[in-house]
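Participant: what's the 3D shape of this:
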Amino acid sequence: MNSTMKKNILLLLPINGDSVEPFKGVLNTLLKSDFSVDYFCETLLSLNFKEKYDLLIVVNIYFYEFTSKKTESFLTNYTGRKILLTFDDEYQFKATLFYAQFYNCVLSTDIVSVSRLRQYGFNSIHWMHNVRCDDNFIKSKNYLYDISFIGRMDNLKEGRLNYYNALIKEFGSNVYFPRINGEYLPNEKVDEIYKSSKINLNFTGITDKHFTTNNDYFKKKGFKGRPFEIGGQSSFCLSEYSIGLAELLEHDKDIIYFTNEIELINMIKLLLHDNDRRLKISKSLYEKVTLNYSEKSPTNNFLTIINLILSSNYSCILQKNNKIIYIKDYEHSRFINQINTAPIKYFPKIFFNFILKSLFFLLKYLKYFIFIFFNLYKTICKRILIEFLRHLNLKQ
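Facilitator: Numbering: from 1, shown residues only. Got it, this is the predicted structure:
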């Protein structure tokens, strides 16, 4: 495509998005050859569009840093083609459902959410981000760890902590969870751990996030891209089951699934010493990932999706209805969004400060409270005595 003919794309990224930043380079690789791409963060909301863009791609943003009215005004006034690219619909579906009306199409990594959005009448397409892959399948490896997991480990991930404790109890020092102490891992280190581990774990539970404002509480398992990253590094993955993963990766062919702690422990005991089975499955996973999801994949569908949206007549529900539709179940989230979700995070601190200030207030005015209490006590005692004497006189 001639550079003068390139279409302009604006990629809008979160201000603080650790989970999004790795995709910036991937998206740039996928789009740069065919499109002119600009990158901005959420602060773009405070600016006016002076340049005509053929497509606005909003990456996993629900605009929590801004009031709902400002966000709605921004998305309504920008009438060009817009797509929302999401990674967290497993527990933020209500937010996606609300914001879907502002976009021509929603690209979601969660197959279940894609179907649900379509049932509501929105244009939605399933997509999977591309991952780093070895040039060739690596058969021989020097294993340093029996069991490893490189995902986040903190109090928000209670399910993961429960699995970790069960594994430590059963396998002891053979379990390696480098982020149990909050350690950050660069991509090179992550790939090294994948290759150095006999069994790489993946957890899909999302109910730990039940207090987040947009949680779809009863959906318990979600889609994760980690098994694809593991496969790209010629490594074996043992994953907690989710319907989204099962749609793409076949059990006992590309991956092994478990559903609870007992299954996990029993499966590890079987797999640790079955090198041939692990090798066969990891090779199948590698072949599937490199064919469909690698950065150089010949069948990569992201460009196809973008071109489809640019050439299609996908329309915005908002443009059809000419009014914003508010979802009743989402109203509590919108209310919190008006004041910013930050107070939720700091609620314990706010509550503690309130108690502390109340105690200071009581101490400061303690003498007045004692004086009031003493006078009240004296009045009550005096009244009781008078009534007693009056009652005694009546008897006589």
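
Participant: who touches stretch 221-230?
Facilitator: Stretch 221-230 has contacts (C-beta atoms under 8 Å, 6 or more residues apart in numbering) with 87-88, 90-91, 109-111, 128-129, 131-132, 150-151, 190, 194, 200, 202-206, 236-237, 239-245, 249, 255, 285, 289, 293. Any C-beta I mention is one placed from the backbone N, CA and C, and that applies to glycine too.

Participant: What ranges does the stretch 151-300 of the chain have for its strands?
Facilitator: 175-176, 197-202, 237-240, 256-258 (DSSP state E, counting those that start in this stretch).

Participant: Including mean neighbour count, could these go into a markdown table?
Facilitator: What follows is those, written out as a markdown table (neighbours: other C-beta atoms under 10 Å):
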| stretch | mean neighbour count |
| --- | --- |
| strand 175-176 | 20 |
| strand 197-202 | 24 |
| strand 237-240 | 24 |
| strand 256-258 | 21 |
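
Participant: Tabulate the ones you listed in a markdown table, adding columns for mean pLDDT.
Facilitator: Below are the strands of the stretch 151-300 of the chain laid out as a markdown table (pLDDT from 0 to 100):
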| stretch | mean pLDDT |
| --- | --- |
| strand 175-176 | 92 |
| strand 197-202 | 96 |
| strand 237-240 | 97 |
| strand 256-258 | 97 |
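
Participant: now those as CSV including distance to residue 223?
Facilitator: Output for the strands of the stretch 151-300 of the chain, formatted as CSV (distance: least, C-beta to C-beta, whole Å):
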stretch, distance to residue 223
strand 175-176, 24
strand 197-202, 11
strand 237-240, 11
strand 256-258, 13
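
Participant: of those, which approaches residue 78 most closely?
Facilitator: Closest to residue 78 of the strands of the stretch 151-300 of the chain is strand 197-202 (C-beta to C-beta; 37.1 Å).

Participant: Can you tell me the strand partners of that closest one and which way each runs?
Facilitator: strand 145-148 (parallel), strand 237-240 (parallel) (DSSP bridges).

Participant: and residue 255, how many residues sit next to it?
Facilitator: Applying other C-beta atoms under 10 Å, we find 26 residues neighbouring residue 255.

Participant: all numbers from here: first residue = 331
Facilitator: Right, with 331 as the first residue, what we last looked at is residue 585.

Participant: hang on, isn't it packed against residue 618?
Facilitator: No: Residue 585 is not in contact with residue 618 according to C-beta atoms under 8 Å; the separation is 9.5 Å.

Participant: and residue 388, which of the strands paired with strand 527-532 is closest to it?
Facilitator: In terms of C-beta to C-beta, the element of those nearest to residue 388 is strand 567-570, at 29.1 Å.

Participant: roughly how far is that closest one from the heart of the chain?
Facilitator: In this view, strand 567-570 has its centroid 19 Å away from the chain centroid, taken as C-alpha atoms, centre = their mean, to the nearest Å.

Participant: Quick check: end-to-end length of stretch 445-462?
Facilitator: Using C-alpha to C-alpha, to the nearest Å, the end-to-end distance of stretch 445-462 comes to 28 Å.

Participant: Mutual contacts of residue 585 and residue 618, please.
Facilitator: With C-beta under 8 Å, 6+ apart, residue 585 and residue 618 have common neighbours residue 579.

Participant: can you give me the offset of stretch 431-438 from its chain's centre?
Facilitator: Chain-centre distance of stretch 431-438: 18 Å, with C-alpha atoms, centre = their mean.

Participant: For residue 461, list the residues it contacts.
Facilitator: Taking C-beta under 8 Å, 6+ apart, we find residue 461 in contact with 555, 558, 559, 561, 562, 619, 623, 624, 625.

Participant: hmm, try it at 6 Å
Facilitator: Contact analysis of residue 461 by C-beta atoms under 6 Å, 6 or more residues apart in numbering lists 558, 559, 562, 623.

Participant: For stretch 465-483, buried residues please.
Facilitator: For stretch 465-483, a neighbour-count test (16 or more other C-beta atoms under 10 Å) marks 471, 475, 476, 477, 478, 479, 480, 483 as buried.

Participant: Name the residues that touch that stretch?
Facilitator: Residues outside stretch 465-483 that contact it (C-beta under 6 Å, 6+ apart) are 490, 504-507, 509-510, 515, 520, 523, 525-531, 564, 602, 613, 616.

Participant: wait, which of the strands paired with strand 527-532 is closest to residue 402?
Facilitator: Closest among the strands paired with strand 527-532, once you apply C-beta to C-beta, is strand 567-570, at 36.8 Å.

Participant: could you dump the closest one to PDB, C-alpha only?
Facilitator: Taking Å, rounded to 0.1, in the frame of the first residue of the first chain, the C-alpha atoms of strand 567-570 are listed here in PDB:
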ATOM      1  CA  CYS A 567       0.900 -25.700  30.200                       C
ATOM      2  CA  LEU A 568      -1.400 -27.100  32.900                       C
ATOM      3  CA  SER A 569      -4.300 -24.700  33.200                       C
ATOM      4  CA  GLU A 570      -7.400 -24.200  35.300                       C
END
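
Participant: Taking the centroid of the protein, which residue is nearest it?
Facilitator: In the chain, the residue lying closest to the centroid (C-alpha atoms, centre = their mean) is residue 418, at 4.2 Å.

Participant: ok, and the closest non-adjacent residue to it?
Facilitator: Computed as C-beta to C-beta, 6 or more residues apart in numbering, the closest residue to residue 418 that is not its neighbour in sequence is residue 390, at 6.6 Å.

Participant: Near the one you found, how many other residues are there?
Facilitator: For residue 390, the count of nearby residues is 20 (other C-beta under 10 Å).

Participant: Ok, residue 621 next?
Facilitator: 13.

Participant: circling back to that earlier point, for residue 384, find the nearest of the strands of the stretch 481-630 of the chain.
Facilitator: Distance to residue 384, taken as C-beta to C-beta, is lowest for strand 527-532 among the strands of the stretch 481-630 of the chain, at 36.9 Å.

Participant: Any idea how far the closest one is from the middle of the chain?
Facilitator: Going by C-alpha atoms, centre = their mean, where strand 527-532 is centred and where its chain is centred differ by 22 Å.

Participant: For beta bridges, what are the partners of the closest residue in space to residue 457 that isn't next to it in sequence?
Facilitator: Closest residue to residue 457 apart from its sequence neighbours, by C-beta to C-beta, 6+ apart: residue 437 at 4.6 Å. As for beta bridges, residue 437 partners with residue 415, residue 455 under DSSP bridges.
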